[in-house]
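Chemist: Give me coordinates for this.
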Amino acid sequence: MTPDDRTEQSLGALSRLSVKQAGVRVHNEPAFVLATWPWKESSVIAECLTRHHGRVVVAVRGVKRPGSQFRGLINPFSPLVVGYCGAQEVKKLTHARWMGGLPTLSGDALLSAFYLNELIVKLTAREDPNPALFDLYVDTLASIAQTPAAARVQRVLREFELELLRLCGWGVTLVEGERSGRYRVLEGRLEPVVDRGLVYEDECVVSYETARAIVERDFSKPTLLKEARDVLRAIIRYHVGDKELLTRRTATQWQQF
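Modeler: Model prediction:
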């Protein structure tokens, strides 16, 4: 990081602090609802991804009432333009309108989209502006909705995981070793297996070819996708902790039928 980058970062942090102290009022902000929770009798708490302000939590009062201005809008994957205000962590949603422009999701595509939402909630910090993440999310939703082929969807998900990790400041790194050797995930990195006896039975171990393909995002060979999925699953688990992602558990249950 250069001195100019550090200065810009410090000024940005100071600016965000001043906004929080004085209270924030945002208008006409592109947003998607990531998740909702019931609140009181007719209201909900919504976790939203906004383009310019990152992940924001808002209280949506009276949304369950028949005459609410928000009724039918506060749903995942609906492109919205919203406004909100407040000085606390949970803001008050003041207006919302449907923006449109994305195809409807269903079936496996819908489950994949919920997986994107859960990853964003688990891996990002609240109120951390990241317009690139918002654009990545929109593009990935569109790709999932327009691509029925399972292999293509898996590739889109792997690319999303890698870019999300990069945008969060972690990325996926490869510790160089023998090109004919095996690699495992260790503390979020891909490292060569020096001593096979030190590898645990449930560890993810892959070839150098797979490790290199993941780092370079080269999924031109469909056979690499399954191993790439297992590697990225292990890396994401390292960053979010041992708790299993709910969408993965649901997908596993669906596959049993």
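Chemist: just the strands in the stretch 51-200 of the chain please.
Modeler: Secondary structure of the stretch 51-200 of the chain by DSSP state E, counting those that start in this stretch: the strands cover 54-60, 80-86, 90-98, 182-186, 189-192.
Chemist: Would you mind telling me which of these is nearest L164?
Modeler: When the strands of the stretch 51-200 of the chain are compared by C-beta to C-beta, strand 54-60 sits nearest L164, at 12.4 Å. Where you see a C-beta, it was placed from the backbone N, CA and C, and this is true even at glycine.
Chemist: on contacts alone, who are the packing partners of that closest one?
Modeler: If contacts are counted by 3 or more C-beta pairs under 8 Å, 6 or more residues apart in numbering; DSSP states H and E, strand 54-60 sits against strand 24-39, strand 43-50, strand 80-86, strand 90-98.
Chemist: hmm, try it at 10 Å
Modeler: strand 24-39, strand 43-50, strand 80-86, strand 90-98, helix 107-123, helix 131-146 (3 or more C-beta pairs under 10 Å, 6 or more residues apart in numbering; DSSP states H and E).
Chemist: And those: which comes nearest D230?
Modeler: The closest of those to D230 is helix 107-123. By C-beta to C-beta, the value is 15.3 Å.
Chemist: Report the mean confidence score over that closest one.
Modeler: Across helix 107-123, the average pLDDT comes to 92.
Chemist: For that helix, list every residue counted as buried.
Modeler: 109, 111-121, 123 (16 or more other C-beta atoms under 10 Å).
Chemist: Among those, which one sits closest to L245?
Modeler: E118 (5.5 Å).
Chemist: Might one say that the closest one is in contact with L164?
Modeler: No - assessed by C-beta atoms under 10 Å, E118 is found out of contact with L164, at 11.4 Å.
Chemist: how about the nearest residue to C204, chain neighbours excluded?
Modeler: Distances taken as C-beta to C-beta, 6 or more residues apart in numbering place A234 nearest to C204, at 4.4 Å, with adjacent residues excluded.
Chemist: Is that neighbour within a helix or a strand, and which one?
Modeler: If you go by DSSP states H and E, A234 is part of helix 224-240.
Chemist: okay, the angle between that helix and strand 182-186?
Modeler: Angle of helix 224-240 versus strand 182-186, following axes from the mean of the first three to the mean of the last three C-alpha atoms, to 10 degrees, is 30 degrees.
Chemist: now for helix 224-240, which elements pack on it?
Modeler: Checking 3+ C-beta pairs under 10 Å, 6+ apart, helix 224-240 ends up next to helix 107-123, helix 150-167, strand 182-186, strand 189-192, strand 205-207, helix 208-216, helix 246-255.
Chemist: can you dump the C-alpha coordinates of it into PDB?
Modeler: This file holds the C-alpha atoms of helix 224-240, laid out as PDB (Å, rounded to 0.1, in the frame of the first residue of the first chain):
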ATOM      1  CA  LEU A 224     -11.200 -29.400 -12.700                       C
ATOM      2  CA  LEU A 225     -14.500 -27.900 -11.500                       C
ATOM      3  CA  LYS A 226     -15.300 -30.500  -8.800                       C
ATOM      4  CA  GLU A 227     -11.800 -30.300  -7.300                       C
ATOM      5  CA  ALA A 228     -11.900 -26.500  -7.500                       C
ATOM      6  CA  ARG A 229     -15.200 -26.500  -5.600                       C
ATOM      7  CA  ASP A 230     -13.700 -28.600  -2.800                       C
ATOM      8  CA  VAL A 231     -10.600 -26.400  -2.500                       C
ATOM      9  CA  LEU A 232     -12.600 -23.200  -2.400                       C
ATOM     10  CA  ARG A 233     -15.000 -24.800   0.100                       C
ATOM     11  CA  ALA A 234     -12.000 -25.400   2.400                       C
ATOM     12  CA  ILE A 235     -10.600 -21.900   1.900                       C
ATOM     13  CA  ILE A 236     -14.000 -20.300   2.600                       C
ATOM     14  CA  ARG A 237     -14.500 -22.500   5.700                       C
ATOM     15  CA  TYR A 238     -11.200 -21.300   7.000                       C
ATOM     16  CA  HIS A 239     -12.400 -17.600   6.700                       C
ATOM     17  CA  VAL A 240     -15.900 -18.100   8.100                       C
END
